[in-house]
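In: Okay, predicted coordinates and the sequence, questions at the end:
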Amino acid sequence: MYDVSRIRDDFPILEVEVYPGVPLIYLDSAASSQKPVVVIQAMDDYYRQNNANVHRGVHRLSDLATHAYENARQKIAGFIHAPDPAELIFVGNATEGFNLVAYAWGRRHIQHGDEILLTEMEHHANIVPWQMLAEEKGAIIRFLPILPDGTLALDRLSEYLTERTKLFSFTAVSNVLGTINPVNQLIAAAHAVGALAMVDAAQLVPHIPVDIQALDCDFLAFSGHKMLGPTGIGVLYGKRHLLEVMPPFLGGGDMIRRVTFEGFTPNDLPWKFEAGTPKIAEAVGLAAAVDYLDGLGMDAVHAHEQLITNYALESLSEIPGLSLLGPPGAYHGGLASFTLDGVHPHDIAEILDKDGIAIRAGHHCAMPLHQRLGINASARASFYVHTTTEEIDKLVTSLHRVRDVFRLG
């Protein structure tokens, strides 16, 4: 049984009163998730008992730190069913993962006139690195359109994905629309024309079971802080044969095997891409988050979020003047973005905050998508393992108060 009340006990921050007598209702997990006590404790234990640098020392603490760091890599590889832990690169966040691929793979393989395909629902992290690359190389970026219901125009895929396409990089789940894209279909379509496929899995890996081998993507990136782990760490997955021939992204420290006055020899995978002292405590914390999610069961996590999301979409749809963004619940990830006639999203968020409700308001790092939708901003409530239907009810009540404040009744 999925016992959400017991799960909530694992999150100390949910006991916080954001104002006197006003408890926190955290509906902003798509921006950054809260941390269960086991993650906080794991990082605290590391700093108290095993803190040392990795891969370099011969003393006991360095051995323990190295084991903890590499064990984290193995756990995370198992979590997404990656065949080889060496194919997992620890980066600062998903954004760094996209930049790494754009720099180390893109600058060797993208030429003048080549095309990179994205979609209209992408996060800036999956747009700007490719724009920088395209400007440098004279490449062309195309965007697969979205339909009015917030899903991709899959019937036009062959029009946009051609023999000129070298890379198709797309989000698995939109951080604005909530759209769950047909990842397997999109990857297969890219491979059919000889293109590589990269997946933005920042809103996928924390919420839905993922099997890298079944997906057969070439690259995939996600962030630790969106899956109950700490900030400052993310994961880039890449197929070994691609990573092997890519040059290092950053230079110095752990990414070298040998250095002379004349040059250097890069290290083996995965350390070739992990320059300097790595994210040791963060890796320990992320491993603890993976253990926690494994303990809940990702199928159970997904089922709970589906229940909450469907309840939220149905409840919000009954508020006069409120317009939901994105597709119906069956194709919708764990968030609800919306606009309210006559009220700026920032004003919505400010009034909700006085009721202890934390949501996101703005363009959510997806300005082109909002331009495509014809709006400047939206409000977004996002859900996770600890969200309850009672919290959704309080969100709805608070949104009615917003309408009263702006005299929309």
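Out: All right, it came through fine. Remember, predicted model here, so these are calculated numbers, not experimental data.

In: centroid residue for the chain?
Out: A202 (1.4 Å; Cα atoms, centre = their mean).

In: Phi, psi for the closest residue to that one other than its chain neighbours please.
Out: Of all residues beyond its chain neighbours, the one nearest A202 is A94 (4.6 Å), with distances taken as Cβ to Cβ, 6 or more residues apart in numbering. Bear in mind the C-beta positions are built from the backbone N, C-alpha and C, glycine included. Backbone geometry at A94, expressed as degrees, to the nearest 10, gives phi -60, psi -40.

In: Tell me how far A94 lies from D347.
Out: Distance check for A94 against D347: by Cβ to Cβ, to the nearest Å, it reads 30 Å.

In: of these two, who's got more company?
Out: Under the neighbour definition other Cβ atoms under 10 Å, A94 and D347 were set side by side, and A94 has more, 26 against 16.

In: wait, what's in contact with the spatially closest residue to E305 that is not a sequence neighbour?
Out: With Cβ to Cβ, 6+ apart as the criterion, E305 has its nearest non-adjacent residue at 3.9 Å, and that residue is G334. Residues in contact with G334, defined by Cβ atoms under 8 Å, 6 or more residues apart in numbering, are 29-30, 178, 207, 305-306, 308-309, 382-384, 387.

In: where do the helices sit along the stretch 101-250 of the chain?
Out: 107-109, 128-137, 157-160, 183-192, 212-215, 240-245 (DSSP state H, counting those that start in this stretch).

In: Need those helices in CSV (columns: mean neighbour count, distance to L147 and mean pLDDT).
Out: Below are these laid out as CSV (neighbours: other Cβ atoms under 10 Å; distance: least, Cβ to Cβ, whole Å; pLDDT from 0 to 100):
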stretch, mean neighbour count, distance to L147, mean pLDDT
helix 107-109, 13, 31, 97
helix 128-137, 17, 23, 98
helix 157-160, 14, 12, 98
helix 183-192, 18, 15, 98
helix 212-215, 16, 23, 98
helix 240-245, 14, 32, 98
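
In: Quick one: closest of those to P85.
Out: Of all the helices of the stretch 101-250 of the chain, it is helix 240-245 that lies closest to P85, at 10.8 Å by Cβ to Cβ.

In: what comes up buried for whichever helix or strand comes after that closest one?
Out: The C-terminal neighbour of helix 240-245 among helices and strands, as given by DSSP states H and E, is strand 256-259. Buried residues in strand 256-259, defined by neighbour count with 16 or more other Cβ atoms under 10 Å: I256.

In: Tell me which other helices or strands strand 256-259 touches.
Out: Counting contacts by 3 or more Cβ pairs under 8 Å, 6 or more residues apart in numbering; DSSP states H and E, the secondary-structure elements packed against strand 256-259 are strand 264-266.

In: got the contact list for the strand it packs on?
Out: The set of residues that contact strand 264-266 without belonging to it, under Cβ under 8 Å, 6+ apart, is 247-248, 251, 255-259, 272.

In: now R403, nearest residue through space, not along the chain?
Out: Using Cβ to Cβ, 6+ apart, the nearest residue to R403 is G409, at 5.9 Å.

In: what sits against the residue nearest to A202?
Out: If you count contacts by Cβ under 8 Å, 6+ apart, then A94 has 125, 200-202, 221-223, 234 around it.

In: Please apply the same query to F170.
Out: With the criterion set at Cβ under 8 Å, 6+ apart, F170 makes contact with 117-119, 122, 126, 144, 181, 186, 197-200.

In: at 7 Å instead, please
Out: With Cβ atoms under 7 Å, 6 or more residues apart in numbering as the criterion, the residues that contact F170 are 118-119, 181, 186, 199-200.

In: same question, I357
Out: If a contact means Cβ under 7 Å, 6+ apart, then I357 has 25, 27, 394-395, 398 as its contacts.

In: Can you give me the neighbour number for the residue nearest to it when sequence neighbours are not counted?
Out: In space, I357 comes closest to I25 once its chain neighbours are excluded; the distance is 4.5 Å by Cβ to Cβ, 6+ apart. Around I25 sit 23 other residues, with neighbours defined as other Cβ under 10 Å.
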